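In: quick check, what structure comes out for this input:
(chains A and B)
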There are 2 protein chains.
Amino acid sequence: MNTPSSLEDLIKALRCLPGVGPKSAQRMAYHLLQRDRSGASHLAHALDHAVGSVKHCSKCNNFSEDDVCALCRSERRETDLLCVVEMPSDMLMMEQAQCYRGMYFVLMGRLSPLDGVGARELPLGRLVERAQELACEVILATNFTVEGEATAHYLGTLLRAQGIKVSRIARGLPVGGELEHVDSGTLAQAVLERRVMTE
Amino acid sequence: MNTPSSLEDLIKALRCLPGVGPKSAQRMAYHLLQRDRSGASHLAHALDHAVGSVKHCSKCNNFSEDDVCALCRSERRETDLLCVVEMPSDMLMMEQAQCYRGMYFVLMGRLSPLDGVGARELPLGRLVERAQELACEVILATNFTVEGEATAHYLGTLLRAQGIKVSRIARGLPVGGELEHVDSGTLAQAVLERRVMTE
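Out: Residues are numbered from 1 along each chain as shown, chains lettered A, B, ... in the order given. Got it, this is the predicted structure:
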């Protein structure tokens, strides 16, 4: 009854953030209005700016402000390797591990029927197109979770049907682990030990 | 290197939310841009609107869009009781418990030297003024945490020095507990069993 409507709207709007429930949203709104109004204004501006200017690179599907991102434009990358990752954070981990100089394709997700993400929700047509364009080996670097493995299996079948050579980074990562949280050494080892997918 | 600057700005801006570290901020930004752009735009608008329109009630110091909030304007409240709470969420809990029909004063914080919140950071002058204006009993309903107890002790001394009758809600709440998380029955009991503060 005694909560201003604009404050209620803000609490509701904060719920769109992943992992934020009603209590957290309330705490965030109080914090912003009481202690950090300039932060709130800055966040509003950053949201608007990002929504307006961030799109997807037409080559690698990563977030980008340009039609083709800096990495895909770079002349210093090897074009005979295409590494498929789930999220941009996985790609950042690969870059930090400094074990790979090829191109990337970012799925922006994984096959996950329980969350309503099927093959149609992923940009698989564009992945096949890009792999054919580069005529290269595709390295599948999706996570070693159940969904990531299923995605790798699906992509392997799909790409091999097009005559494309497909490999999977080695299971040097712990089973159930995620690229985002692994140390660079383990990740580099897994890239080195990638194996050709046959069946 | 390959993260668009507007995406990096958004990740940085999300860090202003309490309890959000670098990994959570990244996950939130990806989620908003990949799956919920309309939610992001709505959040930006809600932030701007709230920052622009939410201020503090001149009577009770609660968040309000008006100079005096609906509760303070209401003719149906008893004006011989003034309940002091830390946060608006505590006041909502009091209202939900339906055990209290008096007025409120919201501190919007607590004494907490470790967080840099001393007596000067709380609107204590306005609290004393309001208590004198109503010529009423003041019920201290700050949390039973260390900071809340210290705040109650400080306020008790301050208000009694002005000849104001001060009481504290009963320690029916578990020690270390917070109003926000207690059940209505316990809270109602604590209001009933409040005790006059003498020394």
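In: what sits against A:P88?
Out: Taking C-beta atoms under 8 Å, 6 or more residues apart in numbering or on different chains, we find A:P88 in contact with A:62-63, A:106, A:108, B:2-3, B:30. C-beta: built from backbone N, CA, C; applies to glycine.
In: in PyMOL, how would I select the buried members of those?
Out: Burial among these is assessed by 16 or more other C-beta atoms under 10 Å in any protein chain shown; the matching PyMOL selection reads:
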select buried, (chain A and resi 62+63+106+108) or (chain B and resi 2+3+30)
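In: list the contacts for the residue nearest in space to the middle of chain A?
Out: By C-alpha atoms, centre = their mean, the mean C-alpha position of chain A lies nearest to A:M87, the distance being 1.0 Å. Shown in contact with A:M87 (C-beta under 8 Å, 6+ apart): A:106-109, A:180, B:30.
In: swap in A:A152?
Out: By C-beta under 8 Å, 6+ apart, the residues touching A:A152 are A:140, A:142, A:168.
In: so what pairs up with the first one in the strands?
Out: Read it as A:L140. Counting by DSSP bridges, A:L140 is bridged to A:V84, A:R168.
In: correct me, but it touches A:I169?
Out: Yes: counting by C-beta atoms under 8 Å, A:L140 touches A:I169, with 7.1 Å between them.
In: from the contacts of A:P88, which is closest to B:C16?
Out: Using C-beta to C-beta, B:Y30 is the member of these that lies nearest B:C16, at 17.9 Å.
In: for the strand or helix carrying the closest one, what is the distance to the chain centroid?
Out: Using DSSP states H and E, B:Y30 sits in helix B:22-35. Using C-alpha atoms, centre = their mean, to the nearest Å, the mean C-alpha position of helix B:22-35 is found 29 Å from that of the whole chain.
In: could you point out which element follows that helix?
Out: Sequence order places helix B:37-53 as the next helix or strand after helix B:22-35, per DSSP H and E.
In: tell me what that next one is packed against?
Out: In terms of contacts (3 or more C-beta pairs under 8 Å, 6 or more residues apart in numbering or on different chains; DSSP states H and E), helix B:37-53 is packed against helix A:5-14, helix A:22-35, helix A:37-53, helix B:22-35.
In: hmm, 7 Å instead?
Out: When contacts are defined as 3 or more C-beta pairs under 7 Å, 6 or more residues apart in numbering or on different chains; DSSP states H and E, helix B:37-53 sits against helix A:5-14, helix A:37-53.
In: now the ones you listed in TSV, with mean pLDDT?
Out: Below are the helices and strands packed on helix B:37-53 laid out as TSV (pLDDT from 0 to 100):
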stretch	mean pLDDT
helix A:5-14	94
helix A:37-53	95
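In: lowest-confidence entry in the contacts of A:P88?
Out: Lowest pLDDT among the contacts of A:P88: B:N2, with 71.
In: which of the three states applies to that residue?
Out: What DSSP: H, G, I helix; E, B strand; the rest coil gives for B:N2 is coil.
In: could you find the closest non-adjacent residue to it?
Out: Of all residues not flanking B:N2 in the chain, A:L71 sits nearest, at 4.6 Å (C-beta to C-beta, 6 or more residues apart in numbering or on different chains).
In: repeat for A:N62
Out: Closest to A:N62 by C-beta to C-beta, 6+ apart is A:V106, at 4.4 Å.
In: ok, now which ones touch that neighbour?
Out: Taking C-beta atoms under 7 Å, 6 or more residues apart in numbering or on different chains, we find A:V106 in contact with A:60-62, A:85, A:87-88, A:91.
In: same deal with A:T198?
Out: A:T198 touches nothing, counting by C-beta under 7 Å, 6+ apart.
In: what ranges in chain A fall below the confidence cut-off?
Out: A:1, A:172-173, A:175, A:195, A:199 (pLDDT under 70).
In: quick one, domains of it?
Out: A:5-53, A:57-196 (automatic domain parsing).
In: closest one to B:D67 among these?
Out: Closest of those to B:D67 is domain A:5-53, at 15.2 Å (criterion: C-beta to C-beta).
In: circling back to that earlier point, between the contacts of A:P88, which is nearest B:L122?
Out: B:Y30 (39.0 Å).
In: which residues are in contact with that closest one?
Out: Taking C-beta under 7 Å, 6+ apart, we find B:Y30 in contact with A:87-88.
In: at 8 Å what do you get?
Out: Going by C-beta under 8 Å, 6+ apart, B:Y30 touches A:63, A:87-89.
In: over to A:L192?
Out: Contacts for A:L192 (C-beta under 8 Å, 6+ apart) come out as A:99, A:170.
In: would you turn the contacts of A:V106 into TSV with distance to B:S38?
Out: Shown next, in TSV, are these (distance: C-beta to C-beta, whole Å):
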residue	distance to B:S38
A:C60	25
A:N61	21
A:N62	22
A:V85	26
A:M87	21
A:P88	21
A:M91	26
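In: now for the residues you listed, which pair is the farthest apart?
Out: Once C-beta to C-beta is applied, the contacts of A:V106 give A:C60 and A:M87 as the farthest pair, at 12.4 Å.
In: sorry, back to before: could you pull up phi and psi at the residue nearest to A:N62?
Out: Backbone torsions of A:V106, given as degrees, to the nearest 10, read phi -100, psi 120.
In: surely A:V138 is in a strand?
Out: Yes: per three-state DSSP, A:V138 lies within a strand segment.
In: these two touch, right, it and A:L82?
Out: Yes: the criterion here is C-beta under 8 Å, and A:V138 meets it with A:L82 at 4.9 Å.
In: between these two, which contacts overlap?
Out: Jointly contacting A:V138 and A:L82 under the rule C-beta under 8 Å, 6+ apart are A:A131.
In: that'll do, ta.
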